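J.: Structure for the following, please:
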Amino acid sequence: MKHREEEWLNRFKKDMEKLEDVYEPAIPEQFRLLNTLNDFKERRKKAFKRELFLFFIAAFAILTSYIVFIFKIPPVFLWVQGLAFVFIPIILIAESKRKNKGDEVESDGF
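T.: Numbering: from 1, shown residues only. So this is what the prediction gives:
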């Protein structure tokens, strides 16, 4: 029984060595790694700026809507609703085009 296990283990080790010899990953050059890293950092920075801008716009819109509700100004509320009706589809179309283009930054959980 031990002889079979040892034989199987030796065969398994030889097979694993064959697999390791066949697969040798290509090691990228240093300048390519640095270029990739710099591109990623640049895209991440642009995405951060875009998200920060959108956050401030959303916060401003919420603050404005609260002010409109507090002071009960219906014409302003109607204007905001009309502008939202026009601009939201434009924003959605632009975001879907950007997504399809693949201009997003992948997050690694940071």
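
J.: Distance from the chain centre to stretch 29-38, please.
T.: The chain centre lies 20 Å from the centre of stretch 29-38; the measure is Cα atoms, centre = their mean, to the nearest Å.

J.: Repeat that for stretch 70-83.
T.: Offset of stretch 70-83 from its chain centre (Cα atoms, centre = their mean): 35 Å.

J.: Please apply the same query to stretch 7-17.
T.: With Cα atoms, centre = their mean, you get 42 Å for stretch 7-17.

J.: any idea of the mean pLDDT for it?
T.: For stretch 7-17, mean pLDDT rounds to 87.

J.: Can you point out the buried residues in it?
T.: For stretch 7-17, the neighbour count (16 or more other Cβ atoms under 10 Å) marks no residue as buried. The way it works is simple: take the backbone N, C-alpha and C, and place the C-beta from them, glycine included.

J.: which residues sit against it?
T.: If you take Cβ atoms under 8 Å, 6 or more residues apart in numbering as the criterion, stretch 7-17 is touched by no other residue.

J.: who's in contact with Ser65?
T.: 77, 80.

J.: What segments of the chain are helices?
T.: Using DSSP state H, the helices of the chain run over residues 2-22, 30-71, 74-101.

J.: Kind regards, and thank you for your time.
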